[in-house]
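S.K.: how does the following fold in three dimensions:
(one chain, ligands or ions: 1)
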Amino acid sequence: MIRIRRACPSDASVIGAIHVATWRNAYAGVLPESYLKSLSPLRHAVGYEQAISERRHGHAVFVAVATGEDAPLGAEDAATVVGFISGGKSRRAAENSAGEVETLYLLDDYRERGVGRRLMRAMAAHLAAIGCRSVMLWVLKDNPARWFYARLGGRQVAREVIRFAGQMMEQIAVDWDPIETLLAATATAPER
Ligand SMILES: CC(C)(COP(=O)(O)OP(=O)(O)OC[C@H]1O[C@@H](n2cnc3c(N)ncnc32)[C@H](O)[C@@H]1OP(=O)(O)O)[C@@H](O)C(=O)NCCC(=O)NCCS
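M.R.: Model prediction:
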């Protein structure tokens with residue numbers, strides 16, 4: 001079984017580890033190897049722990065937790081965090097009613113089972129509850145996750161070139177406006 005719940009500070013170390021593992025995997029060959037090697041699970045864990053505890057600007061983190069036969073091999077008796085999503089009020093938008101998804105990462109073995117959609121659903125419901133009327137996010141143009149967002153009805157509304165890890169990269173802004181379009185696209189989120 002895979003359950004979605006709000007993260008607590010004790011989840012931060014696993015979240016930091018998943019963040020770094022998925023970056024190393026998703027951006028191999030895209031970002032410099034030296035940069036990927038230098039990523040620190042501990043440093044990310046500290047940042048997530050702070051974000052989870054402080055809840056500033058409506059910030060929230062939700063985790064996907066696997067148990068029983070869905071748990072990783074050898075961990076069937078424990079509840080294991082296998083993915084997460086974070087977000088809150090938009091970091092850039094002038095209006096206070098725009099929400100932003102900041103990160104969304106799932107371990108390899110838990111993809112294509114509807115968990116990403118369920119995490120997006122949890123975040124959309126949270127953002128709607130704190131008064132957001134739209135949701136946006138940034139995704140690197142070369143990241144296949146952009147097609148996942150398109151599948152959920154996200155519209156490409158802007159693109160920009162950023163300097164990241166010493167190289168120029170194109171990223172795309174995706175949005176759901178109004179937020180109800182994302183709530184509708186994630187409404188039926190069965191576990192597979
Ligand atoms: C992106 C990610 C979160 C998607 O989660 P997921 O659980 O695999 O996605 P779901 O199973 O909920 O998929 C929902 C729908 O999107 C589709 N989809 C998922 N990933 C897709 C992709 N890369 N390309 C096209 N469609 C995709 C699914 O087939 C499914 O379609 P359906 O409505 O016909 O069933 C996951 O692949 C991931 O963690 N990727 C690596 C990290 C990353 O790049 N994160 C995004 C950073 S911006």
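
S.K.: next helix or strand past whichever helix or strand I162 is part of?
M.R.: Using DSSP states H and E, I162 maps to strand 155-164. Once the chain leaves strand 155-164, the next helix or strand it forms, by DSSP H and E, is strand 167-176.

S.K.: buried set for that next one?
M.R.: Residues M169, Q171, I172, A173, V174, D175, W176 are the ones in strand 167-176 that count as buried (16 or more other Cβ atoms under 10 Å). For every residue, glycine as well, the C-beta is placed using N, CA and C.

S.K.: name the element the nearest residue to F62 once chain neighbours are set aside belongs to?
M.R.: Spatial nearest neighbour of F62, chain neighbours left out: A122 (4.3 Å); criterion: Cβ to Cβ, 6 or more residues apart in numbering. Here A122, judged by DSSP H and E, is contained in helix 115-129.

S.K.: who does that helix touch, helix- and strand-wise?
M.R.: Helix 115-129 makes packing contacts with strand 2-6, strand 60-66, strand 80-89, strand 98-106, strand 134-140, helix 180-185 when contacts are defined by 3 or more Cβ pairs under 8 Å, 6 or more residues apart in numbering; DSSP states H and E.

S.K.: next up, the contacts around whatever residue of the chain ends up closest to the ligand.
M.R.: Closest to the ligand within the chain is G116: 2.2 Å, counting by Cβ to the nearest ligand atom. Shown in contact with G116 (Cβ atoms under 8 Å, 6 or more residues apart in numbering): G83, L104, L106, F148.

S.K.: quick one: contacts of the strand holding I162?
M.R.: 31, 136, 141, 146, 150, 168-177.

S.K.: do that again at 6 Å, thanks
M.R.: Under the criterion Cβ atoms under 6 Å, 6 or more residues apart in numbering, residues M168, M169, E170, Q171, I172, A173, V174, D175 lie in contact with strand 155-164.

S.K.: thanks a lot, see you next time.
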